[in-house]
Every structure is written in structure tokens, then in C-alpha cells.
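> Got a predicted structure plus its sequence, pasted below:
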Amino acid sequence: NAGVTQTPKFQVLKTGQSMTLQCAQDMNHEYMSWYRQDPGMGLRLIHYSVGAGITDQGEVPNGYNVSRSTTEDFPLRLLSAAPSQTSVYFCASSYSQGINEKLFFGSGTQLSVL
Amino acid sequence: GESVGLHLPTLSVQEGDNSIINCAYSNSASDYFIWYKQESGKGPQFIIDIRSNMDKRQGQRVTVLLNKTVKHLSLQIAATQPGDSAVYFCASGAGSYQLTFGKGTKLSVIP
């Protein structure tokens, strides 16, 4: 049972480049989400999904897109990377559509935008 | 919006001693609270959670205490071990709203 798998683990981009951070879970979780973690700040929610075909914005959605075509996958797209998007990104999932449930996190993607 | 904070950014304890990590929350409607442990270079790992209808919950070597009157929760780690060295986050949620995470306390265990 792999849990929540994120790829890549590290990425360096130039300003203006686009990329997709991959997230997959094998626990049949309905709820999936993306967070960013910056020094001195708590985890901040970017986007989330309560099921396939359903996505919504979190606290800091600007500059990011998501889609949820399957239960297992929830990719995060950066359309035009900016230095302000330099951060560590975590994908998380939970069993139910109820938001206040135990979240399982991936191991993170460290992104640097030059 | 909700704010969740931790009283101390760092905490150093001797191996074998008990550790207490504190957290304050601001939203009196918060009804779910959770603690995570994050080791360097890894994602947060669930430690223990508690709902607002409880004051205390125990796990393996960990206890979470919730004081709704002063909007405070704490994580107690018994017989702290070197493997407990990590950053510990609290988070809280109110109803259907998203979890709000604290900034974290770095726990260092002195051998």
C-alpha cells in the first residue's frame, strides 16, 4: 500500500515555465488536496477536490490549476511559474468527503523558480 | 478567519523526559483538532486527533489535551526519544471548513 505518492521530489523551473506536479493515492480516498509550505508559515491550502470531477479553490489558488478526472489522481498545474511559487508542495487525501477528517500526506515536492 | 498558533517555535528536552507542545486556536466554533509530526524532508505524519466533545485522548506514548474554555490544546509525549525529534503541527477545523494549520514547533531531543 503506497499511500499518497508525489512526483517529482525536486524541480527547478525558470520564470514563465509551466509544469505539472503529480499526485496519486491508492487508498480510494474521495477527498484530495494540495498545500504549500513556506518557511515560518503553516500549511496553506491551494486547491481541493471532494470527488472525481469536482474541484474547488482553497486559500491561495492564484497561479495554480487542478483537475480530478479519476479518484486516484489529482495533478497540480503551474501555468506560468513565478519566483513567489518557490515552495514545498504537499498533496494530501482523506477517506470521506467530510473535510475535518484525518489527512494523509505525500512526501512533498520541493520547487524552486528562478 | 481562523488562526492557529504555537506558543514556542523550538523546544529542547532530555531523552527520557516528557515533552509538552502547546497550541492555541482562535475560532470558538472549532470542533476537530489534529496533531502532525514532520521529519526533515518528509511529509506530515498523523499523530493523534480529538473532537470537541472530548477533553483528552491517548495514543501510544502521546496524549492530547483540549481546553475549549481557553481555546488551547497540547500534545504530551511520554519518555521522549531521539526519534521524536521533528517539527510538530497542530491544526483545527470548524464544521465543513478546511483545516487551519499552525506554524510548527521544532522538538529537539538531547541524548
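Done, it's in. Residues are numbered from 1 along each chain as shown, chains lettered A, B, ... in the order given.
> what helix or strand does the most centrally placed residue in chain A sit in?
Nearest residue to the geometric centre of chain A (C-alpha atoms, centre = their mean): A:Trp34, 2.8 Å. Using DSSP states H and E, A:Trp34 falls within strand A:31-37.
> ok, then the element right after that strand?
strand A:44-51.
> contacting residues around that next one?
Residues outside strand A:44-51 that contact it (C-beta atoms under 8 Å, 6 or more residues apart in numbering or on different chains) are A:30-38, A:55-61, A:64-66, A:68, A:71, A:74, A:76, A:89, A:97, A:99, B:98-99, B:101. For glycine as for every other residue, the C-beta is placed from the backbone atoms N, C-alpha and C.
> again with stretch A:77-85
Residues contacting stretch A:77-85 (C-beta under 8 Å, 6+ apart): A:13-21, A:63-67, A:111, A:113-114.
> same thing but 7 Å
Here stretch A:77-85 makes contact (C-beta atoms under 7 Å, 6 or more residues apart in numbering or on different chains) with A:Leu13, A:Thr15, A:Gly16, A:Gln17, A:Ser18, A:Met19, A:Thr20, A:Gly63, A:Tyr64, A:Asn65, A:Leu111, A:Val113.
> Spell out which parts of chain A neighbour chain B.
Counting by C-beta under 7 Å from any C-beta of the partner chain, chain A comes close to chain B at A:40-43, A:45, A:58, A:90, A:99-100, A:102, A:105-108.
> Strands along chain B, start to end?
All strands of chain B, identified by DSSP state E, fall at B:4-6, B:10-14, B:19-25, B:32-38, B:45-51, B:56-58, B:62-67, B:72-77, B:86-93, B:100-101, B:105-110.
> again with chain A
Here chain A has its strands, by DSSP E, at A:4-7, A:10-13, A:19-25, A:31-37, A:44-51, A:54-57, A:64-66, A:76-78, A:87-94, A:104-105, A:109-113.
> With respect to burial, which of those strands scores highest?
Among the strands of chain A, strand A:31-37 has the highest mean neighbour count (mean count of other C-beta atoms under 10 Å in any protein chain shown), at a mean of 25.
> looking only at pLDDT, what's the mean for that strand?
Average pLDDT, strand A:31-37: 95.
> and if you look at stretch B:76-96?
Mean predicted lDDT for stretch B:76-96 stands at 93.
> one step back: how about the strands of chain B in JSON lines, adding mean neighbour count and distance to A:Gln6?
Output for the strands of chain B, formatted as JSON lines (neighbours: other C-beta atoms under 10 Å in any protein chain shown; distance: least, C-beta to C-beta, whole Å):
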{"stretch": "strand B:4-6", "mean neighbour count": "19", "distance to A:Gln6": "24"}
{"stretch": "strand B:10-14", "mean neighbour count": "13", "distance to A:Gln6": "28"}
{"stretch": "strand B:19-25", "mean neighbour count": "20", "distance to A:Gln6": "27"}
{"stretch": "strand B:32-38", "mean neighbour count": "23", "distance to A:Gln6": "15"}
{"stretch": "strand B:45-51", "mean neighbour count": "17", "distance to A:Gln6": "15"}
{"stretch": "strand B:56-58", "mean neighbour count": "12", "distance to A:Gln6": "30"}
{"stretch": "strand B:62-67", "mean neighbour count": "18", "distance to A:Gln6": "26"}
{"stretch": "strand B:72-77", "mean neighbour count": "20", "distance to A:Gln6": "26"}
{"stretch": "strand B:86-93", "mean neighbour count": "24", "distance to A:Gln6": "18"}
{"stretch": "strand B:100-101", "mean neighbour count": "23", "distance to A:Gln6": "18"}
{"stretch": "strand B:105-110", "mean neighbour count": "17", "distance to A:Gln6": "23"}
